[in-house]
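[1] quick one, fold the following:
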Amino acid sequence: MRKTVREKHPGFLTIDVEDFYHIIGVRGTPPVEAWDRLPSRVEIGLERYFELLAAKEVKATMFFLGYIARRHPGLVRRAIELEHEVASHGMYHREVSKMDSDEFYRDARESRLLLEDISGVKVRGMRSPGFSIGGATPWFFDRLLEAGYEYDSSALPIRRDRRGISGGSLAPGYVVCSGGRIFEFPITVARLLGLRVNMFGGGYLRFFPQWLISMMARKVLHEYPLTIYIHPREIDPGHPRIEMNAYRKFKSYINLASVPAKLEMLMGSTRFLRMGDYYDASK
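    A predicted model of the protein is given here:
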């Protein structure tokens with residue numbers, strides 16, 4: 001009997017729409033009250049992504065920071081015109097683990113309503129800054145439901161501290177909480193040398209060589225969907241640098257020039273869907 005080849009799962013290309021100074025956990029990150037006085041580079045990076053996505057005929061899910069949407073409403077409308085999905089990244093890039101339940105609810109609700117007002121479409125998805133959920137935020141999914149969301153993409157099933165979930169599901173699916181259930185798109189990790197390793201987003205995408213990312217993506221796609229996450233600053237090597245220690249500087253700025261080629265390779269690995277479309281098909 002001939003062996004049946006397993007069909008590949010789809011991929012999700014997601015962009016956290018924030019500016020070059022929205023980096024968590026470094027002393028050089030400016031306070032919110034200084035943001036309006038800083039030059040903005042988010043338009044440069046996002047326009048480059050728009051061009052790359054159009055060339056590859058890929059539709060993305062874009063998690064807009066509420067502050068960015070208010071400062072650059074045209075970017076939100078442009079994303080809608082190009083048939084990308086608009087979702088929320090919160091208002092001010094605050095880690096969920098550093099907010100209490102009510103603070104998070106107000107932040108999540110405010111960002112959703114702002115994005116809906118600008119875009120004219122319902123905003124259903126959320127991603128917490130820094131994937132900052134876990135044992136310190138047991139109320140997260142309940143408050144997200146109360147804030148009007150239907151799906152989330154904040155779970156990183158690899159970490160054991162306040163910025164991730166340890167041992168969680170690797171495939172998209174429902175999370176049941178006291179208020180009902182919400183659909184979760186976990187950040188993709190690959191199994192490498194017995195460990196769960198994240199190599200499909202941020203500094204990890206830039207650090208690992210393209211051949212290894214390609215090989216691991218092929219393995220992942222035969223098991224579950226592939227979630228990629230990127231930021232506008234990563235396709236804009238000329239953006240200003242933030243003061244930080246040597247380790248964080250390495251992690252934040254290594255191999256910026258490698259991003260376009262790696263994304264093109266990944267976008268050719270499978271078909272890509274907007275998260276909302278996959279969620280609708282999973283109901």
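
[2] in the helix or strand harbouring D142, which residues are buried?
    Of the helices and strands defined by DSSP states H and E, D142 is found in helix 140-146. Counting neighbours by 16 or more other Cβ atoms under 10 Å, one finds that the buried residues in helix 140-146 are F140, F141, D142, R143, L144, L145. Just so you know, the C-beta spots here come from the backbone N, C-alpha and C atoms, and that holds for glycine as well.

[3] now swap in stretch 215-234 and tell me
    Of the residues in stretch 215-234, 216-217, 220-221, 225-234 count as buried by neighbour count, 16+ other Cβ under 10 Å.

[4] determine which two of the residues you listed are furthest apart.
    L221 and R233 (27.1 Å; Cβ to Cβ).

[5] need the strands for the stretch 1-150 of the chain, in chain order.
    Ranges of strands within the stretch 1-150 of the chain are 11-17, 61-64, 85-88, 125-126, based on DSSP state E, counting those that start in this stretch.

[6] please identify which of these is closest to G173.
    Nearest to G173 among the strands of the stretch 1-150 of the chain is strand 11-17 (14.0 Å), distances taken as Cβ to Cβ.

[7] for that closest one, name the packing helices and strands.
    Under the contact definition 3 or more Cβ pairs under 8 Å, 6 or more residues apart in numbering; DSSP states H and E, strand 11-17 sits against helix 42-56, strand 61-64, strand 226-230, helix 259-267, helix 275-282.

[8] so where is the protein shaky, pLDDT-wise?
    By pLDDT under 70, the weakly predicted segments of the chain are 1-7, 135, 159-168.

[9] pull out the buried residues from the longest helix along it.
    Secondary structure assigned by DSSP state H gives helix 101-119 as the longest helix of the chain. Along helix 101-119, these residues count as buried under the neighbour rule (16+ other Cβ under 10 Å): 104-105, 107-112, 114-116, 118-119.

[10] then stretch 8-17?
    K8, H9, G11, F12, L13, T14, I15, D16, V17.

[11] contacts only, for the last one.
    V17 makes contact with V42, L46, M62, F63, F64, L65, I68, A69, L75, H89, H231, P232, according to Cβ atoms under 8 Å, 6 or more residues apart in numbering.

[12] the fifth one and V76 touch, don't they?
    Yes. Under the contact definition of Cβ atoms under 8 Å, F64 touches V76, with a separation of 6.0 Å.

[13] so between these two, which is more surrounded?
    Remark: of F64 and V76, F64 carries more neighbours, 31 against 25, as counted by other Cβ atoms under 10 Å.

[14] quick one: contacts for K251?
    By Cβ under 8 Å, 6+ apart, K251 lies in contact with G203, F207.
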